[in-house]
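A.B. asks: Provided below for reference: sequence and predicted model.
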Amino acid sequence: MNQKIIPKFLIETDVLADHLITDSKTESYLIKLMKSGICFTSVLNASELYLLADSNLELQRVNDVLYSIKVLGIHARYCLSIPNHKDRFNNLRDNLFYILAELNKLTIVTLNPVKFKDNKVNCYHPEFITSRII
């Protein structure tokens with residue numbers, strides 16, 4: 001049987017925020033990614049979006065985005081990988097985000113892929129991925 005492998009993406013906050021500010025007449029990177037694979041984010045990213053929301057309308061838009069993708073929690077076992085990556089990142093947030101991608105075999109999608117460069121987890125700008133969608 002020839003089964004198609006569905007890509008799985010871990011979406012960084014910058015891509016989610018980009019979706020929230022993209023004109024509704026324009027297809028955002030997030031929409032394009034959702035059409036080509038399964039999109040995940042973390043509870044950390046979700047929390048960042050909620051911190052940025054200043055009105056009830058913005059809160060509703062954040063809710064709508066988060067209901068449309070899968071939000072992953074931070075499992076206690078992820079802290080066991082911190083010593084392996086502590087020199088790669090300047091903060092705990094990026095460390096945990098990377099470990100979440102690594103342990104769940106997800107490709108990181110961010111507007112700033114250099115942040116996660118030279119690691120064993122694939123990390124791409126959304127334009128790179130969406131330009132290759134057939």
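C.D. replies: Now that the structure is in, tell me what you want to look at. Numbering: from 1, shown residues only.
A.B. asks: look up how far residue 93 lies from the spatially closest residue to residue 7 that is not a sequence neighbour.
C.D. replies: Distances taken as C-beta to C-beta, 6 or more residues apart in numbering put residue 37 closest to residue 7, at 3.5 Å, once the chain neighbours are dropped. (Each C-beta comes from the backbone N, C-alpha and C, glycine too.) Distance from residue 37 to residue 93, counting by C-beta to C-beta, to the nearest Å: 24 Å.
A.B. asks: so between these two, which is more surrounded?
C.D. replies: Taking other C-beta atoms under 10 Å, residue 37 and residue 93 do not tie; residue 37 has more neighbours (18 against 15).
A.B. asks: what distance do you get for the more buried one to residue 16?
C.D. replies: From residue 37 over to residue 16 (counting by C-beta to C-beta), the distance is 15 Å.
A.B. asks: check residue 84 too.
C.D. replies: According to C-beta to C-beta, residue 84 stands 27 Å off from residue 16.
A.B. asks: same check, this time on residue 117
C.D. replies: When distance is defined by C-beta to C-beta, residue 117 is 21 Å away from residue 16.
A.B. asks: regarding residue 49, what is its secondary structure?
C.D. replies: helix (DSSP: H, G, I helix; E, B strand; the rest coil).
A.B. asks: please name the bridge partners of the nearest residue to residue 113 once chain neighbours are set aside.
C.D. replies: Closest residue in space to residue 113, ignoring its immediate chain neighbours: residue 123 at 4.7 Å, by C-beta to C-beta, 6+ apart. In this entry, residue 123 is beta-bridged to residue 108, by DSSP bridges.
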